[in-house]
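Novice: Predicted model follows, preceded by the sequence.
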Amino acid sequence: MVPDLRSTSPASVALRPLRTVALVGIDGSGKTTQARLLATALAAEGLPATYRQNAGGRRWFGRLATTLGRRDGEQLLGRKAMLFVESVLRWGAILRTLLRRRRTGEISIMDRYAVCQYASIRAHAKNPRPERLNRAERRARLAYRVFPAPDVTFLLAVDPAVAYDRIERRGYDHEEMSYLRAATAAYEALPEHAGFVVVDANGTPEQVQQALLEHLRARVPAAVREPRRPAALLLAHARALLLTVATLAAAASVLTYQLAEGF
């Protein structure tokens, strides 16, 4: 039975409005499936929840590489270039999502977020050391620091063997077991890990969804917005414009530094 997300309690009323929920984890953990299910469940309760994907393009480049006779995107572009492109594309996707959220007032259910890029950089390192913050990650963190942390970040924790089996069954891509283990270790070693809500993602989609909804139950009532006045709307749009200018300036600075120094 799905929890009644419109129930209220003193604890939930005291919480700030829920605006962003991010689902992160290794490939095969069920991020996309659960983000879509969660957005649908919240919308069914009359809440303005919308699914948003913040992909980095690795899957698209992987398909392109296969078409061109290469193993994957890294073999097509090179490891460092692939990570650079992935960082830029995901940065742009997150910016678009946050600006849209600010304009519409929706609850954004985010499929991946900035921490996914940090974990990807660590796991794709030439000699993966999950606990090490390398130069590429420092640059990524500098570019991504303009984005606010989500109100809730769910880490879908899954056994690498289970994730590997799911990836193989879906049939349109492939990951090495060694990479899935490195990615698992990378997420666990991130400094943000202490703030994650870790959810066991080894079960069925229904079981995982139930766990996500149970956790959000106390938070969702605070997400229902009061009608905004014209002045409040104008202020929101002004803040969105300032956010856009600031983030674009920060990104331009970081990318210029990367290109000048050489990746």
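Specialist: Noted; the coordinates are in hand. Numbering: from 1, shown residues only.

Novice: In the one helix or strand residue 38 maps to, which residues are buried?
Specialist: When elements are assigned from DSSP states H and E, residue 38 belongs to helix 31-44. If you call a residue buried by 16 or more other C-beta atoms under 10 Å, then helix 31-44 has these buried ones: 31, 33, 34, 35, 36, 37, 38, 39, 41, 42, 43. C-beta coordinates here come from the backbone N, C-alpha and C atoms, glycine included.

Novice: repeat for stretch 123-133
Specialist: 123, 124, 125, 128, 130.

Novice: tell me how far the ends of it are from each other?
Specialist: 11 Å (C-alpha to C-alpha, to the nearest Å).

Novice: Surely residue 21 is in contact with residue 111?
Specialist: No. Using C-beta atoms under 8 Å, residue 21 makes no contact with residue 111, being 10.3 Å away.

Novice: and these two? which has more neighbours close in?
Specialist: residue 21 (27 against 24; other C-beta atoms under 10 Å).

Novice: can you tell me which helix or strand that one belongs to?
Specialist: Residue-wise, residue 21 maps onto strand 20-24 under DSSP H and E.

Novice: bridging residues for residue 111?
Specialist: Residue 111 forms beta bridges with residue 23, residue 53, as assigned by DSSP bridges.

Novice: shouldn't it be in contact with residue 38?
Specialist: No. Look at residue 111 against residue 38 with C-beta under 8 Å: they stay out of range, at 9.8 Å.

Novice: and for these two, which residues touch both?
Specialist: Here residue 111 and residue 38 share the contacting residues 23, 51, scored by C-beta atoms under 8 Å, 6 or more residues apart in numbering.

Novice: The closest residue to residue 152 other than its chain neighbours: what's it in contact with?
Specialist: Counting by C-beta to C-beta, 6 or more residues apart in numbering, the nearest residue to residue 152 once its immediate chain neighbours are dropped is residue 21, at 4.8 Å. Contact analysis of residue 21 by C-beta under 8 Å, 6+ apart lists 38, 107, 108, 109, 110, 150, 151, 152, 153, 154, 216.

Novice: State the number of residues packed around residue 160.
Specialist: Other residues near residue 160 come to 21 when the count uses other C-beta under 10 Å.

Novice: what sits against it?
Specialist: 26, 177, 180, 181, 184.

Novice: do the same with residue 100
Specialist: 52, 106, 108.

Novice: Of those residues - the most surrounded one?
Specialist: residue 108 (27 neighbours).

Novice: Need the pLDDT of that one.
Specialist: Looking at residue 108, its pLDDT is 93.

Novice: Once you drop chain neighbours, what's closest to residue 120?
Specialist: residue 86 (6.7 Å).

Novice: Residue 118 is in contact with that neighbour, correct?
Specialist: No. Between residue 86 and residue 118 there is no contact under C-beta under 8 Å: 11.6 Å.

Novice: Can you list phi and psi of residue 30 for me?
Specialist: When read as degrees, to the nearest 10, the backbone of residue 30 gives phi 100, psi 20.

Novice: okay, now it: neighbour count?
Specialist: When neighbours are defined as other C-beta under 10 Å, residue 30 has 23 of them.

Novice: dump the residue contacts of it.
Specialist: Here residue 30 is in contact with 156, 158, 166, 201, 205, 208 (C-beta under 8 Å, 6+ apart).

Novice: mind redoing it with 7 Å?
Specialist: 156, 201, 205, 208 (C-beta atoms under 7 Å, 6 or more residues apart in numbering).

Novice: and the gap between it and residue 207?
Specialist: 11 Å (C-beta to C-beta, to the nearest Å).

Novice: Which ones among the buried residues of stretch 123-133 map onto helices?
Specialist: With helices taken from DSSP state H, the overlap with the buried residues of stretch 123-133 comprises residue 123.

Novice: just curious, which of the buried residues of stretch 123-133 is nearest to residue 170?
Specialist: Nearest to residue 170 among the buried residues of stretch 123-133: residue 123, at 19.8 Å, using C-beta to C-beta.
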